[in-house]
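Student: sequence? don't have it. structure:
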């Protein structure tokens, strides 16, 4: 009996230490070479470079809502004027009110996406979920509630994995926990919408601009190495 307990606690300790080591190792990857830009700069870069595909910028939540916009190089983008009358804005996938209000988190492009003002407003700071009822929906994105009657937001299918990997990145990079129910949803989204070429390219563009990568895009298997976010 005593030897069995020793084996159990030895295994438990080794597992715990391995998890801690893995978590810290991935966190160091998220931090490597990261230099924070000002949020005003980042907005220009997202519209002009990061989320600009051949001169067109579309909402990540509602991709039918697009706007033509000239592509620029980095210097031109940072020198551009304000985006008056532009109907798209920037979504903090990890809400500002829940930890992304200050630099460097506020301007970290690995969790920022261009969205329409409408869908951005509908998401607000709601948790992500698989909605069972909708108050509002467009292009597959839904504001509604889930099986637990919790107000929440569901991203359209082609953005679900991007959301999951952005949330996992933020959780590890800035040491914020994700509640177990939302984590379960995000893990399923990670599997449903795997990393594609566009997400890989976006990750590399952001690396050129702010220095670091999202390791959950570079190696999606890292998600399975984290026991809980």
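Tutor: Nice, I can see it. Computed from a prediction, not measured in an experiment: that's the story for all the values here. Residues are numbered from 1 along each chain as shown.

Student: Where do the helices of the chain begin and end?
Tutor: With DSSP state H as the definition, the chain shows helices at residue ranges 2-31, 39-45, 74-79, 117-123, 157-174, 180-192, 197-210, 215-218, 222-225.

Student: lowest-confidence stretch among these?
Tutor: Of all the helices of the chain, helix 74-79 carries the lowest average pLDDT, namely a mean of 53.

Student: Reformat the helices of the chain into a markdown table and put mean neighbour count and distance to residue 135 next to each item.
Tutor: Every C-beta, even on glycine, is put in place using the N, C-alpha and C of the backbone. Compiled in a markdown table, the helices of the chain are given as follows (neighbours: other C-beta atoms under 10 Å; distance: least, C-beta to C-beta, whole Å):
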| stretch | mean neighbour count | distance to residue 135 |
| --- | --- | --- |
| helix 2-31 | 12 | 35 |
| helix 39-45 | 18 | 28 |
| helix 74-79 | 14 | 36 |
| helix 117-123 | 19 | 8 |
| helix 157-174 | 24 | 19 |
| helix 180-192 | 17 | 18 |
| helix 197-210 | 16 | 29 |
| helix 215-218 | 22 | 31 |
| helix 222-225 | 15 | 30 |
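
Student: which stretch among those comes nearest residue 97?
Tutor: helix 117-123 (12.1 Å; C-beta to C-beta).

Student: Show the secondary-structure elements that that closest one is packed against.
Tutor: The contact analysis (3 or more C-beta pairs under 8 Å, 6 or more residues apart in numbering; DSSP states H and E) places helix 117-123 against strand 88-92, strand 133-138, strand 141-145.

Student: Mind putting the helices of the chain into CSV with distance to residue 138?
Tutor: Shown next, in CSV, are these (distance: least, C-beta to C-beta, whole Å):
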stretch, distance to residue 138
helix 2-31, 32
helix 39-45, 23
helix 74-79, 28
helix 117-123, 7
helix 157-174, 13
helix 180-192, 18
helix 197-210, 21
helix 215-218, 26
helix 222-225, 28
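
Student: Same list (the helices and strands packed on helix 117-123) but as CSV, adding distance to residue 26.
Tutor: Formatted as CSV, the helices and strands packed on helix 117-123 follow (distance: least, C-beta to C-beta, whole Å):
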stretch, distance to residue 26
strand 88-92, 22
strand 133-138, 34
strand 141-145, 29
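
Student: Any chance of those in CSV with mean pLDDT, distance to residue 202 and mean neighbour count as columns?
Tutor: Below are the helices and strands packed on helix 117-123 laid out as CSV (pLDDT from 0 to 100; distance: least, C-beta to C-beta, whole Å; neighbours: other C-beta atoms under 10 Å):
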stretch, mean pLDDT, distance to residue 202, mean neighbour count
strand 88-92, 96, 14, 22
strand 133-138, 96, 23, 14
strand 141-145, 98, 19, 21
